[in-house]
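Engineer: Mind looking at a prediction? Sequence and model below.
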Amino acid sequence: MTRVMVVEDDENLRVAVTVQLSAEGLRVDAAHDIATADLALRAGDYDCVVFDRMLPDGDAISYVHARRRQGWSVPVLFLTARDALADRVAGFEHGGDDYLVKPFSVAELTARVANLCRRSGTGRPAVLRHDDLEMDCARREVRRDGVLLTLSDKEFAVLEYLLANAENAVERGQLIEHCWDTGTDPMSNVVDVVVKRLRRKLREPELIHTVRGHGYRLGSA
């Protein structure tokens with residue numbers, strides 16, 4: 001699942017952007033300052049980061065510039081009320097990939113984020129396959145033996161991660177990190193519930209196997 005970080009100290013705007021991006025099928029994590037965002041960005045893989053420029057603990061442009069010098073390559077979109085040409089140029093010169101001036105249309109922001117995610121270069125193929133199972137990530141379509149399956153967003157996300165790691169054991173914690181929001185309790189049974197539904201929809205022969213004491217593995221028995 002495509003993963004986005006939104007860093008914005010205005011709670012109402014942060015919630016509105018998060019809700020809209022989530023509605024588009026993206027997994028969204030949010031932070032209100034640079035320090036909180038930095039912890040998440042260093043711990044997980046993201047396809048795009050949306051940074052408000054002026055945050056309680058500094059100008060995000062300085063943070064992005066410093067990370068770029070360390071080799072960090074995740075696409076960044078800056079949000080700001082500063083619309084002077086010099087400000088926009090500075091955003092690009094210091095590592096930004098896009099720049100959107102407030103007030104803005106949330107629909108436009110969503111389109112820009114989607115574009116940056118496509119450019120992020122994660123290296124994952126557009127179509128994932130294993131045996132007779134095929135997932136078209138761009139069209140969000142899954143077929144088994146040619147039959148189109150109807151999956152929820154969470155089912156699609158879990159299956160995508162298992163397919164990307166086919167034949168390898170995947171921990172429940174890994175699935176929660178990549179397919180759920182950061183507030184999800186790692187001890188809950190949400191993964192098991194989704195996997196149970198996936199097994200039913202994928203039909204026989206079984207593709208998702210339980211690895212006792214570890215998690216799940218997609219592959220041959």
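Structural biologist: Perfect, I can see it now.

Engineer: Going by C-alpha atoms from here, please, whenever you check contacts or count neighbours.
Structural biologist: OK.

Engineer: Provide a list of residue ranges in this protein with pLDDT below threshold.
Structural biologist: Counting by pLDDT under 70, the low-confidence segments of the chain come to 1, 119-126, 138, 181-187.

Engineer: any idea where the helices of this structure begin and end?
Structural biologist: Under the criterion DSSP state H, the chain carries helices at the ranges 11-23, 34-43, 60-69, 85-93, 106-119, 153-164, 172-179, 190-202.

Engineer: Just the C-alpha atoms of the longest one, please, in PDB.
Structural biologist: The C-alpha coordinates for helix 106-119 follow below in PDB (Å, rounded to 0.1, in the frame of the first residue of the first chain):
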ATOM      1  CA  VAL A 106      -7.700  19.400  -1.100                       C
ATOM      2  CA  ALA A 107      -8.500  17.700  -4.400                       C
ATOM      3  CA  GLU A 108      -5.500  19.400  -6.000                       C
ATOM      4  CA  LEU A 109      -3.200  18.300  -3.100                       C
ATOM      5  CA  THR A 110      -4.400  14.700  -3.500                       C
ATOM      6  CA  ALA A 111      -3.600  14.800  -7.300                       C
ATOM      7  CA  ARG A 112      -0.100  16.200  -6.600                       C
ATOM      8  CA  VAL A 113       0.600  13.600  -3.900                       C
ATOM      9  CA  ALA A 114      -0.500  10.800  -6.200                       C
ATOM     10  CA  ASN A 115       1.800  12.100  -8.900                       C
ATOM     11  CA  LEU A 116       4.800  12.200  -6.400                       C
ATOM     12  CA  CYS A 117       4.000   8.700  -5.200                       C
ATOM     13  CA  ARG A 118       4.100   7.400  -8.800                       C
ATOM     14  CA  ARG A 119       7.500   9.100  -9.200                       C
END
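
Engineer: quick one, it and helix 11-23 angle?
Structural biologist: 60 degrees (axes from the mean of the first three to the mean of the last three Cα atoms, to 10 degrees).

Engineer: Helix 106-119: which residues count as buried?
Structural biologist: Going by neighbour count (16 or more other Cα atoms under 10 Å), the buried part of helix 106-119 is 109, 110, 113, 114, 116, 117.

Engineer: what sits against the first one?
Structural biologist: The neighbours of residue 109, taking Cα atoms under 8 Å, 6 or more residues apart in numbering as the test, are residue 100.

Engineer: let's see it at 10 Å
Structural biologist: With contacts defined as Cα atoms under 10 Å, 6 or more residues apart in numbering, residue 109 is in contact with 17, 20, 21, 50, 77, 79, 99, 100, 115.

Engineer: and it, how far is that from residue 53?
Structural biologist: In this structure, residue 109 and residue 53 are 15 Å apart, going by Cα to Cα, to the nearest Å.
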